[in-house]
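Asks: below: sequence and its predicted model.
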There are 2 protein chains.
Amino acid sequence: MDYQEYKEYEDYFRKLIEEKQLKELKSCITELNVVDIAEIIEDLDDKDMLLIFRMLPKEISAEVFSHMERYNQVRIVNSITEPELNSIVDELYFDDMIDLLEEVPANVVTKVLANAPVNERKLINEFLRYPEDSAGSIMTIEYVVFKPDMSVRDAMSHIKEIGMDKETIYTCYVENEYKMLIGFVSLRTLVISDEDKKISDIMIDDVVCVNTLDDREDVADKFKKYGFIALPVVDGEYRLCGIITFDDIMDVVEEEATEDFHRMAAINPSEHAYLDQSTWELAKNRIPWLLVLMISATLTSGIIENYNYIIAQFLILTAFIPMITDTGGNSGSQSSTVIIRALATGEINLSDAFKVVFKEIRVALICGGILSFVNFMRMIFVSKVEFGISLLVSLTMLVTVVLSKFLGAALPMLAKKINIDPAIMASAVITTIIDSVVLIIYFNLAVRLLPII
Amino acid sequence: MDYQEYKEYEDYFRKLIEEKQLKELKSCITELNVVDIAEIIEDLDDKDMLLIFRMLPKEISAEVFSHMERYNQVRIVNSITEPELNSIVDELYFDDMIDLLEEVPANVVTKVLANAPVNERKLINEFLRYPEDSAGSIMTIEYVVFKPDMSVRDAMSHIKEIGMDKETIYTCYVENEYKMLIGFVSLRTLVISDEDKKISDIMIDDVVCVNTLDDREDVADKFKKYGFIALPVVDGEYRLCGIITFDDIMDVVEEEATEDFHRMAAINPSEHAYLDQSTWELAKNRIPWLLVLMISATLTSGIIENYNYIIAQFLILTAFIPMITDTGGNSGSQSSTVIIRALATGEINLSDAFKVVFKEIRVALICGGILSFVNFMRMIFVSKVEFGISLLVSLTMLVTVVLSKFLGAALPMLAKKINIDPAIMASAVITTIIDSVVLIIYFNLAVRLLPII
């Protein structure tokens, strides 16, 4: 459904509510996909949203709820009765419930926990304790488990019984008597296997799994590499604790990329959506780097003051400083972006460091050569600047491009080597370093090329 | 498996080959996941790689092949016999075969096509004609189709017969007599449904699908939104042409993010991996923007020359230019990055434009205020610069931050509005614009604040 269709549905639903055609409304809604229902009712006012939400069958309402934006979930939680809240929480998949509890106000958490059975409350508390961004914090507990000596027939009837309440039934896991993970079976294999075979005969025992404390980025990498629908999560004793499904990983991949985008733009990443963050929160994530970079940039003031005697004699030299530093920043940020991203996707790794840096230097020689040539021609023939100064600026340009591409490639690699996030070594940091270095080169070349007294 | 384990396997395999323990080798390999086999043999030399590759059962060898890097696939294609090549191509999923044909040398394509049956050859040619980056170009044809009047029992035995050759059997599609897509059934529903029910009774007819010509980015968005395992692809007459599975979309999400990273760093995106690109190719994608930005930056030279009389009197003003322009670039790139990324992930859209720009201005006032205050204090008390100049630089700093954050938010929105990729309006472009504007403000404030003659 696209934006236009959503609007049409919204108007249609408002009309039905106004005309009290609730039966028609109900039958129309239950035809729709849960994701679409969520999108449509989110744009209605509190009263209409709640009316439709209450109209949904219990299983569907929980699913619709889990697809709504966080602040709309809070709108609902604040308007429904306690029994209604409990019945939704009951129906939510465990990972969605944990997500919810992590973000709603404390009084709601207390309410939910008060109504949960003791063992579930224990489990909830355990899940809430997993470190942020760990595999444990995004896993769910609704998976299917077989014993190795079950027959395919028994396994299939087990699935028929409980399949509807599990997040996925397409990959089922096999545990031994000590609850340790010893294999997995895909539903595909189950369906085409002889019904009398034992699970232990058809299961695959080379299980790819992750640990509860693994970083979710590593989990995402495993998904990308192996293409599985779900991955099992085990604890230190190799006992199955939960599973992570591919649809949750799609979000992780996107969020991790967003984090890198922000970090590379000198922003401390936030886990909240842009519109959910207050002005103050946004500013708080941006000021530290701006301050650090501004203060580092005062180094350039010192350098320029130091060479004031050159500027006093050739005032025109000032005119080219922004162009040179900008070009340095741009070519450095090209290299650092390419390298940081390639490191993040695993396209290159540390063992490629020399090859990569060497390649960037060759690229820099081509780019720098062309830029410097074009600049020289422009200065001589278009701006009619005198030869010595044109040569000075063009030479500085060449050195700037080569140096900035070298640093742009080498610094992220170096960061990775010493276990710092390479994304730090992006445009802003490179530019600040390049500026100082380039100014020193510019003035030193000037002393040699121009008749400075 | 991690890097260390791969190395150990490689060494072990080399040793087994040397000692001619081929039986042991075969039994060890076939225990492994196809992705891991691919990783391990890619690092062996041609002879060993080929020896192990030929040892694999036919179905497995095709899967291993599809997980290898392109240049290793070419290594294999160049070393095996024509019948061997045909048998691999036969076993490949259709989308992997098309991917391969799009990249291998023309003589290999001719060889493959010559050996394909006539109707398959027609289909291959059709697929090769889908526009790059379209849904058609990434879909595959191995899906399961039911007729609406089939019983669940018949459907299940159909799956048992053909299920192993299909890319996914977890979502099956229903076509009417005109081959039009009218619904889908998940294997989960099939498994738990009464065997005598008809497909038309249990299928869901609210099908989310995409068109062959849709952009793959839109396809990825639908996957992220609905969380399906597969999406059907239809033509203009709503006939089912293929399916796209979630694992292929993971790559799309990552590639699209990489494209944005590159575009934002003023690089024309390439579809080839970094290490696969020649130095010249890399340079070719970077030079155009560097040239455009360098030539635009000459505007700053003109502005500075224009105000030379101010610099002549207050040489020290030059010293603060890089710091001011850098800070402008950094704060502008913070805003533009946040906005471009939020537009790309759909977190904000054009209807939020005013809210967003207004928010960025408020953030800018906070950031600018703090930066400008810190700078003023530093200049007065640390660097002992005179009051007038400290005030001038600090005021310019404030205006710079506000202006750059305004442009950083407004320009990507504007680009989106007029259907240009917002990623163009990133750091480099913003910096170039900001630099000129800020210099004009700097000198105009100077005329007012300093005793210029």
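Replies: Arrived safely.
Asks: which residues are in contact with the spatially closest residue to residue A:277 that is not a sequence neighbour?
Replies: Nearest non-adjacent residue to residue A:277, counting by C-beta to C-beta, 6 or more residues apart in numbering or on different chains: residue A:270, 6.1 Å away. For glycine as for every other residue, the C-beta is placed from the backbone atoms N, C-alpha and C. Applying C-beta atoms under 8 Å, 6 or more residues apart in numbering or on different chains to residue A:270 gives the contacts A:262, A:277, A:281, A:282, A:285.
Asks: confirm residue A:270 sits in a helix?
Replies: No - applying DSSP: H, G, I helix; E, B strand; the rest coil, one finds residue A:270 to be coil, outside a helix.
Asks: packing partners of the worst-scoring helix or strand of chain A on mean pLDDT?
Replies: Using mean pLDDT, DSSP states H and E, helix A:106-115 stands out as the lowest-scoring helix or strand of chain A, at a mean of 76. Under the contact criterion of 3 or more C-beta pairs under 8 Å, 6 or more residues apart in numbering or on different chains; DSSP states H and E, helix A:106-115 touches helix A:82-91, helix A:94-103, helix A:118-128.
Asks: out of the contacts of residue A:270, which is nearest to chain B?
Replies: Taking C-beta to the nearest C-beta as the measure, residue A:282 is the one of the contacts of residue A:270 closest to chain B, at 4.7 Å.
Asks: run a quick neighbour tally on that closest one.
Replies: 24 (other C-beta atoms under 10 Å in any protein chain shown).
Asks: hmm, residue B:359 and it touching each other?
Replies: Yes - counting by C-beta atoms under 8 Å, residue A:282 touches residue B:359, with 7.2 Å between them.
Asks: which residue ranges of the stretch 101-250 of chain A form helices?
Replies: Residue ranges of the helices in the stretch 101-250 of chain A, as given by DSSP state H, counting those that start in this stretch, are A:106-115, A:118-128, A:135-138, A:152-162, A:187-192, A:199-202, A:216-226, A:246-264.
Asks: tell me the most buried of these?
Replies: helix A:135-138 (a mean of 22; mean count of other C-beta atoms under 10 Å in any protein chain shown).
Asks: report the distance from that one to the chain centre.
Replies: 15 Å (C-alpha atoms, centre = their mean, to the nearest Å).
Asks: ok, now stretch A:195-202?
Replies: Worked out by C-alpha atoms, centre = their mean, stretch A:195-202 lies 40 Å from the chain centre.
Asks: just the CA trace of that stretch, in CSV.
Replies: The C-alpha trace of stretch A:195-202 is given here as CSV (Å, rounded to 0.1, in the frame of the first residue of the first chain):
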residue,chain,number,x,y,z
GLU,A,195,7.8,-39.9,8.6
ASP,A,196,9.5,-42.8,10.4
LYS,A,197,12.9,-41.3,10.4
LYS,A,198,14.4,-40.0,13.6
ILE,A,199,15.2,-36.3,14.1
SER,A,200,18.8,-37.2,14.9
ASP,A,201,19.1,-38.8,11.4
ILE,A,202,17.9,-35.8,9.5
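Asks: who are the contact partners of residue A:68?
Replies: So residue A:68 contacts A:38, A:42, A:76 (C-beta under 8 Å, 6+ apart).
Asks: and the second one, how many residues sit next to it?
Replies: Counted with other C-beta under 10 Å, residues neighbouring residue A:42 total 19.
Asks: grab the nearest non-local neighbour of it.
Replies: residue A:72 (4.9 Å).
Asks: beta partners of residue A:134?
Replies: Note on residue A:134: beta-bridge partners by DSSP bridges are residue A:215.
Asks: distance check, it against residue B:162.
Replies: 41 Å (C-beta to C-beta, to the nearest Å).
Asks: cool, residue A:394 as well?
Replies: 68 Å.
Asks: same question for residue A:382.
Replies: Using C-beta to C-beta, one gets 70 Å for the distance from residue A:382 to residue B:162.
Asks: can you list the low-confidence ranges for chain A?
Replies: The model of chain A has no residue with pLDDT under 70.
Asks: show me it divided up by domain.
Replies: A:3-129, A:145-245, A:274-449 (automatic domain parsing).
Asks: can I get the ones you listed in TSV including distance to residue B:130?
Replies: Listed next are those as TSV, based on distance: least, C-beta to C-beta, whole Å:
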stretch	distance to residue B:130
domain A:3-129	26
domain A:145-245	22
domain A:274-449	25
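Asks: of the ones you listed, flag the one that's most buried.
Replies: Scoring the domains of chain A by how many neighbours each averages, mean count of other C-beta under 10 Å, gives domain A:274-449 as the top one, at a mean of 20.
Asks: ends of that domain, what's the gap?
Replies: 51 Å (C-alpha to C-alpha, to the nearest Å).
Asks: what about it, distance to the chain center?
Replies: With C-alpha atoms, centre = their mean, you get 28 Å for domain A:274-449.
Asks: cool, stretch A:175-186 as well?
Replies: Worked out by C-alpha atoms, centre = their mean, stretch A:175-186 lies 32 Å from the chain centre.
Asks: how about stretch A:141-153?
Replies: 34 Å.
Asks: does it reach chain B?
Replies: No - Stretch A:141-153 lies apart from chain B when judged by C-beta under 8 Å from any C-beta of the partner chain; the minimum separation is 11.0 Å.
Asks: what does that stretch rub up against?
Replies: Against stretch A:141-153 from outside (C-beta under 8 Å, 6+ apart): A:93-94, A:123, A:155, A:158-159, A:162-163, A:165-169, A:172-176, A:182-183, A:185, A:190, A:193-200, A:202-203, A:230, A:232, A:240-243.
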